[in-house]
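Asker: build the 3D model from these lines:
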Amino acid sequence: MSVGVKSGVPSYTMVLARVVVGLMFIMFAQYKLIHREFANEGYKKYVSGWVQESSVSVYKPVLRETLKYPRFFAYAVAVSEALIGISLVLGVWVRPFSILGAAFMFNLILATWNLPPNSPAWRYVANQLENIPLLLLFLLFFSYSAGQTLGLDKAK
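Answerer: You can find the predicted model right below:
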């Protein structure tokens with residue numbers, strides 16, 4: 001059983017956070033899977049922009065490699081988001097999918113970290129306020145075995 005602040009007490013707040021994050025990822029995925037524009041041009045547009053403007057220099061070669069097969073990686077992103085979302089909503093295999101989710105968010109941090117020249121230093125972290133909290137939530141879901149409270153992981 002997942003525990004909250006009090007030892008042995010299930011954390012229903014963790015369940016709420018897990019389900020809400022899961023629903024967000026399902027929404028992201030369904031858009032990418034239903035609307036073909038992400039696979040046809042969106043992925044290439046976003047990643048090309050990150051390579052040119054915002055990715056960490058050591059990460060640019062990784063992003064360039066994905067641009068060789070943009071449709072494949074577009075669908076890989078969408079399916080990954082769907083699987084992460086379904087896992088979190090149902091509370092099944094939450095720990096492994098939390099690792100995938102954390103890796104996904106870390107990837108976005110590396111891809112979007114840098115700001116244009118002459119930007120104030122504090123904006124580097126401020127630019128990540130949409131990615132860092134989700135990364136931390138995935139680490140919490142992993143650490144607290146969040147699928148064991150009101151989730152299918154409890155049956156294991």
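
Asker: name the residues that touch the helix or strand of the chain with the lowest mean pLDDT?
Answerer: Ranking every helix and strand in the chain by mean pLDDT, DSSP states H and E puts helix 122-126 at the bottom, with a mean of 73. When contacts are defined by CB atoms under 8 Å, 6 or more residues apart in numbering, helix 122-126 is touched by residues 113, 114, 115, 132. The way it works is simple: take the backbone N, C-alpha and C, and place the C-beta from them, glycine included.

Asker: return a PyMOL selection command for the buried portion of these.
Answerer: Restricted to the buried members of these, where burial is judged by 16 or more other CB atoms under 10 Å, the PyMOL selection command reads as follows:
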select buried, resi 113+114
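
Asker: and the helix ranked longest in the chain, which residues are buried?
Answerer: Counting residues, the longest helix found in the chain (DSSP state H) is helix 12-34. Along helix 12-34, the positions that meet the burial threshold by neighbour count (16+ other CB under 10 Å) are 14-15, 17-19, 21-22, 25-26, 28-29, 32-33.

Asker: out of those, which one sits closest to residue 143?
Answerer: Distance to residue 143, by CB to CB, is smallest for residue 14 among the buried residues of helix 12-34, at 10.2 Å.
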